[in-house]
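[1] Any chance you can model this:
(chains A, B and C)
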Amino acid sequence: MKLENSETVPTLEIKGISKRFAGTQALDKVSFALYPGEVHALLENGAGKSTLIKIVTGMYRPDEGEILIEGRPVQIDNAVQAQKLGIAAIYQEPRIFPDLNVAENIFIAHGNRGNLLRWRKLYADAEAVLDQLGVKLDVRSPARDLTLAMQQSVEIAKAISLNARVLIMDEPTASLSAHEVEQLFALVNALRNHGVAILFISHRIEEVFKIADRVTIFRDGKWISTAPVSRVTPESAIRDMVGRTLDTLFPKHDVALGETLLSVKNLSKGDAFSGITLEIKRGEIVGFAGLVGARRTDVALALFGIAPADSGEVQFKGQPRKITSPEQAMALGIAYVPEDRHEQGLVLPMSIIANISLPTLSQFLTRFGLIKRQQETDTAEDYRKRLSIRTSGLSLEVGKLSGGNQQKVVISKWLNAKPALLILDEPTRGIDVGAKAEVHNIISELATQGIGIMLISSDLPEVLGMCDRIVVMREGRQMAIISRQEATQETVMAAAMGQMVETT
Amino acid sequence: MNISSFIRRSNMRIEQLRELALLFIIILIVLFFGSQIPRYFTGTTFERVGVNVSIIVVVAVGMTLVVLTRNIDLSVGSTVGLIAFVVGQQLSDHHNLSPVLAVLLAIGIGTLLGMLNGLIVAFGKVPAIVTTLGTLAIYRGLLFAYANSTSIHTQNLPGWIIDLPRVKVLTIGDLNITFLVATAIVIVVIFQLALIYLPSARRLYAIGSDPETALTSGIPQRRLVFFAFTICGALAGLGGFMYLAQIGTITTVAAQGLELEVVAAVVLGGVSTLGGTGRVIGALLGAVLVGIIEQGLVRMQFNEFWKQAIEGLAILIAVVSDSALRTRLRISLSHNQAMPISTETEKAGPTL
Amino acid sequence: MKAITRANWLKSWEFLLFVVFVGVIILNVSLSPFFLGLDNLVNVLQLSVETIMIGLIMTLIIINGEIDLSVAAVMGLCATAFGLLYQNGTPLPLAALLTLGLGLLCGAFNGLWIAYMGLPSLVVTLAGLVGYRGLAYVLLEDKSVTNFPDEFSALGQHNLPGLPIPATLILFAFLFIIFFIVLHYSAFGRYVYVVGNNKTAARFAGVNVRRVKMILFTVSGFMSALAALVYAARVGTVRPNVANGLELDIITIVLLGGVSIFGGSGTLIGVGLSMLTVLSFRNGMTLANISGSVQTSVIGVLLILSVLLPNLFQEVQTRWRQRHYSEQQVQAGKERDVETKQPSDVTP
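    Below is the predicted model of the structure:
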């Protein structure tokens, strides 16, 4: 497909865009351009892409930098403006109206005033748009009856009907089957032929190489490279994504490993994951690496009883167990620090003290079941010191703390449950470097105390620096278990992307 | 053959299936009563049921619009009572007030009352339950203040309105369709058509189906919710007029509790309180079902006091079966969903 | 739980309510010198003792993020059942016990659908509102039961020997204390708040969300039954339409007490103050010869204003910020005020 020549104006260009949140620089002066009719892939190691999408679709305003649409600088203040400028985005979870049918979903955002709906025309128009994209659907079926893939096509059709010139696709293939991916690619090609500029964000390297014209790579919110796909190889891409040298500051102590704490054989759950087999010993830190959609969290939720597995064996402390509820998991001595600390990990309007004591509230009760406030406060104070939680007071709402301190509160709350196995899901995501180091220290400490640790993380250096062994997952399957000695960023990343690699 | 393949083949929406099931149940019940009650299948039965049901139906149409957007209007009972009284008073004092003006007065007041609800819910962002619980009290208080310990009596009303319930619009054999019943039917038809053919009306469905997506899709949510409440008020006004014609004697407790019967009809009719699904025809069927059961029980010399208890049970059955049916149908109809299927009850929204 | 620091308290809803309460007292006193007499005050509370009793459990239910519209209907049903049992010769204590059991059953039935089947509490209790009331009519039709024994009525109407306060109010005070302790000092009370704030986080912390809800609705049924007994003793007559529409009053008092309809916040202090304020206000209006229905509508206005005014204030605040601060700070302010859902890979 034709690429940049000095005469073609990019449909969308971002120049020097930066955005900072408390403690983290999400984007740091990134720039690149999207040309009409090109499929431009974005590979990223870090967390800036969500922010970028939100900026371009009008949810956030950048701290600095410019956005240009067809050469003109624009300001995108809200979703409707973005829509008018021809920018559309589709996400992993489709945003449709489940109760309305396909045709209505496509055209609902159109502001036709007062004219009577002519259903036959609506259906015909819907079919026409879908035809353009090469998609065959029953336009009369309610959107909720469609598969995810079909819902996605409806979203794309909706964008096209609104004359989108830029389509951002955020991990569109993450939940699709191979066949559906083929169909999606056919759709993308149709879009390409219509001159739409497509930003294709994905972690699946083979797909990127199949569909993209150019590839841009971000790392930790910084632009690293942009090149035509012909000049990139999977290895070079991985190298760019991973780039930095290992921090030597990971405080990994040498710990004598104890007996086997957790033993999992062939754990499976429906579509989510299958065949998970591993062991965790006391004092061992086992990392869980993988990309978005690897389903590592699903495994954790199964072990913690929130979404129990369908089949497979779990042995904990030598006994076979079927874990079916969080209370049971807690009673066994399993704790889970969730990925989403706002929704799952904390009750934001409540105080630090109340959050810390929540899972173990029964420990703080008098004979009559009343809460011993002083004991609660003392315990919270203890953890404040131990984990260096920075706050103006323990009665402060946790919602007001910074990300790093919030995370420490979550960890405190679970430490208080004295778990034997601690599952941490992206514990240092979105927190500043200082807090990150502190959390790592804590984790190492815990290992020396004989606690088994399952560390789910997308931060490669963290995984490599902290873990004794690394389990690599991809789309619900276990790809490899790599020992500390043999693990390198390249081998782990490659396994995570499905490239075959020599493993232990 | 199971239900899901049947649906797929006949291209029906779940709502239509629901209404069909309801119609089927109505037919069964009619047959049952017919077997137990002598001379059940006569015009009088139809008239009696129609008389009771037509007011509920008219108000239920308005309520449907509001519930579609994931809101509720508990003030309709007070609205109906207030308007019945006010119009009744005006007619008693001014016998030469033209019928058309009387109706317009009723609808006009109702519109104003509905607009107030709409303003507070849509623009004041006060949840519909709180708002309409408040206006339920306020409008009833207004009625009280206006009535000043008097009542409307049939003998003071002009003849035409007392006779109105008996005016026959159409006669098919033994069957007489009276004016009020005809009004209800016309309203149902108008709004059912509006909900099918008017783009703004379709957007009501979108708002109830997924309010967040509606926002990002640029749908004028606040304006539309405001209109829904306004129309609900207008129809309650019309209902008030019909109530006056029907009952004649209006006290300060007129139509108290009507809102519950209307919500019952709407819920039974398949309009989900979580928004996004349901049709006016469903509300009609729901009201008819309740009316028929009530009538039948009375004719069978059953304790008339069973009516409310059965109504309550019916609402519960409707909600439970709706929830179970929708979840099961969705699981069997959709395939390859990697997303976890959220049940309807997990939808967050303004109503609890 | 939010700590009550001094600065906090002054800005809190409870303080505002306290100010209003004082205002109402002053207003009432100016209307009638009899207002502050002990007799009158006691009377004011006694007349609505069932309302405030049920208000206690309703507070917990709304904080928990649910609602129970069926409380008045259950009370009516229990009152009816009680009357019937007694009329048919059941000894009074046994009848009372059975009535309490009936209330428990109704509450548990509600709880079954809401807690374990996950149905919305609005519709389930709406069905209850209609259904339980209907059952009351089935039982007693349009009749009434009136001849309760004197000792029983004495419990409802008179003071305990030696005290200037009626037995019913003592019962209420006792219940208030229990609910207060449970809500603000016990683990269960903590769970009520947590589930109302964030059901998911509660579950992830091992809280048995279903059990909490089940208990709340069962207790609600019990309280309704208890209120029915109190009513029978106090008023002496029982009909199927006992407490018709009472749920409106109850919910209004709870919401005016600073409990958010969305759940997660509110205190019994606030609700207690609201009870005193609303009841005094009604009393004042009665003294000023305003009819009951108009009184109710004034309360309705207050209810709406209690949510509307803070909303409008928020809106004005955001607009002011937009004009005076950079967009950054507005965004930051909004992010502080509102819990927005952030993508899980970057959290501001």
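
[2] When you work out contacts or count neighbours from here on, use the C-alpha atoms and nothing else.
    Will do.

[3] quick one: contacts for the residue of the stretch 51-200 of chain B found nearest chain A?
    Minimum separation of the stretch 51-200 of chain B from chain A (Cα to the nearest Cα) falls at B:Tyr197, amounting to 4.6 Å. When the contact criterion is Cα atoms under 8 Å, 6 or more residues apart in numbering or on different chains, the partners of B:Tyr197 are A:Leu116, A:Leu117, A:Arg118, A:Trp119.

[4] Next up, the contacts around the second one.
    By Cα under 8 Å, 6+ apart, A:Leu117 lies in contact with B:Ile196, B:Tyr197, B:Leu198, B:Pro199.

[5] wait, does stretch B:300-309 make contact with chain C?
    Yes - contact between stretch B:300-309 and chain C is present through B:Asn303, B:Phe305, B:Trp306, B:Lys307, B:Gln308, B:Ala309 (criterion: Cα under 8 Å from any Cα of the partner chain).

[6] distance of A:Val181 from chain B?
    Shown here: A:Val181 relative to chain B, a distance of 13 Å by Cα to the nearest Cα, to the nearest Å.

[7] Which positions in the stretch 101-250 of chain C make contact with chain B?
    By Cα under 8 Å from any Cα, the residues of the stretch 101-250 of chain C that approach chain B are C:118-124, C:126-135, C:137-138, C:141, C:248.

[8] ok so, going back, out of the contacts of B:Tyr197, grab the one that's most surrounded.
    Looking at the contacts of B:Tyr197 with neighbours defined as other Cα atoms under 10 Å in any protein chain shown, the largest count falls to A:Leu117 at 17 neighbours.

[9] which SS class is that one?
    When states are read from DSSP: H, G, I helix; E, B strand; the rest coil, the local structure at A:Leu117 comes out as coil.

[10] what are the phi and psi angles of it?
    Phi and psi for A:Leu117, reported as degrees, to the nearest 10, are phi -70, psi 120.

[11] quick one: it from A:Glu104, how far?
    For A:Leu117, the distance to A:Glu104 (Cα to Cα, to the nearest Å) stands at 10 Å.

[12] again, but for A:Lys436
    As it turns out, when the distance is counted by Cα to Cα, A:Lys436 lies 47 Å from A:Glu104.

[13] who's more crowded, these two?
    When A:Lys436 is set against A:Glu104 and neighbours are counted by other Cα under 10 Å, the residue ahead is A:Glu104, at 26 against 19.

[14] To which secondary structure element is the closest residue to the more buried one other than its chain neighbours assigned?
    With sequence-adjacent residues excluded and distances taken as Cα to Cα, 6 or more residues apart in numbering or on different chains, A:Glu104 is closest to A:Leu122, at 7.8 Å. Taking DSSP states H and E as the criterion, A:Leu122 maps to helix A:119-132.

[15] what packs against that helix?
    Applying 3 or more Cα pairs under 8 Å, 6 or more residues apart in numbering or on different chains; DSSP states H and E, one finds that helix A:119-132 contacts helix A:102-107, helix A:148-161.

[16] hmm, 10 Å instead?
    In terms of contacts (3 or more Cα pairs under 10 Å, 6 or more residues apart in numbering or on different chains; DSSP states H and E), helix A:119-132 is packed against helix A:102-107, helix A:148-161, helix A:178-193.

[17] how about B:Ile152, phi and psi?
    Main-chain dihedrals, B:Ile152, degrees, to the nearest 10: phi -90, psi 130.

[18] Which of the three states applies to C:Gly266?
    What three-state DSSP gives for C:Gly266 is coil.

[19] Am I right that it is in contact with C:Val192?
    No - C:Gly266 sits out of contact with C:Val192 when judged by Cα atoms under 10 Å, with a separation of 11.2 Å.
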